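Chemist: Sharing a sequence plus its predicted fold:
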Amino acid sequence: MVDISAIAGTVSALKGAMDISKAMIGLHDAQAIQSKIIELNAQILEAQSSAFLANEERSTLIEHVRQLEKEVADLKAWEAEKQRYQLAELTTGVTAYAIKEEMRGAEPSHHICASCYQEGHKSILQREIRNPGMAHVDVCQRCGSDLYVIGMRHPDHKKSTASRR
Ligand SMILES: [Zn+2]
């Protein structure tokens, strides 16, 4: 988390510069004035570097807020999107989320990966036919899950490209 110490530093340095300026009023000795000018310059430099820091902190905060806003927007979008699906059994013991008929609109009927759903991601399952055995497999391209809907897993079955990562 970012603090706001740079702003406090700037304020305190500027206040110091003001105090020195006030102390200079009424001085008539050139030596004393010269030494106050040196003090004043140092104080102004300090205020300047604090102001730079404060500006950097401000940029960091703005970026942080922007990222949080995006996360909130993504979460809200997913909260709405996930309501369009319900858990369904593809075959005994094999589950995925199916698009609710009344929420489908113009989209074709489809299923999304249950594991990815739990992680807050929508990943549409794609059907593959694997040989030998003509097995019908629903594959998630995101996490590499493969769900055997018809037929059995066989040692010669190649996993889909996504699952090799
Ligand atoms: Zn998945």
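Modeler: Ah, there it is.
Chemist: use CA for all of it now, contacts and neighbours both
Modeler: OK.
Chemist: Now for Val94, how many residues are close by?
Modeler: 12 (other Cα atoms under 10 Å).
Chemist: wait, what's in contact with it?
Modeler: Leu147, Tyr148, Val149 (Cα atoms under 8 Å, 6 or more residues apart in numbering).
Chemist: now swap in His28 and tell me
Modeler: Contacts of His28 (Cα under 8 Å, 6+ apart): none.
Chemist: Also Asp138?
Modeler: Leu125, Gln126, Arg127, Glu128, Asp146, Leu147, Tyr148, Val149.
Chemist: now it: how far from Arg130?
Modeler: 10 Å (Cα to Cα, to the nearest Å).
Chemist: Equivalent analysis for Ala23, please.
Modeler: Separation of Ala23 from Arg130 (Cα to Cα): 88 Å.
Chemist: one step back: name the member of the contacts of Asp138 with the most neighbours.
Modeler: Neighbour max across the contacts of Asp138 (other Cα under 10 Å) = Leu125, 24 neighbours.
Chemist: distance of that residue from Glu56?
Modeler: Distance from Leu125 to Glu56, by Cα to Cα: 45 Å.
Chemist: Could you do Gly16 as well?
Modeler: Distance from Gly16 to Glu56, by Cα to Cα: 22 Å.
Chemist: Comparing the two, which shows the higher neighbour count?
Modeler: Gly16 (18 against 13).
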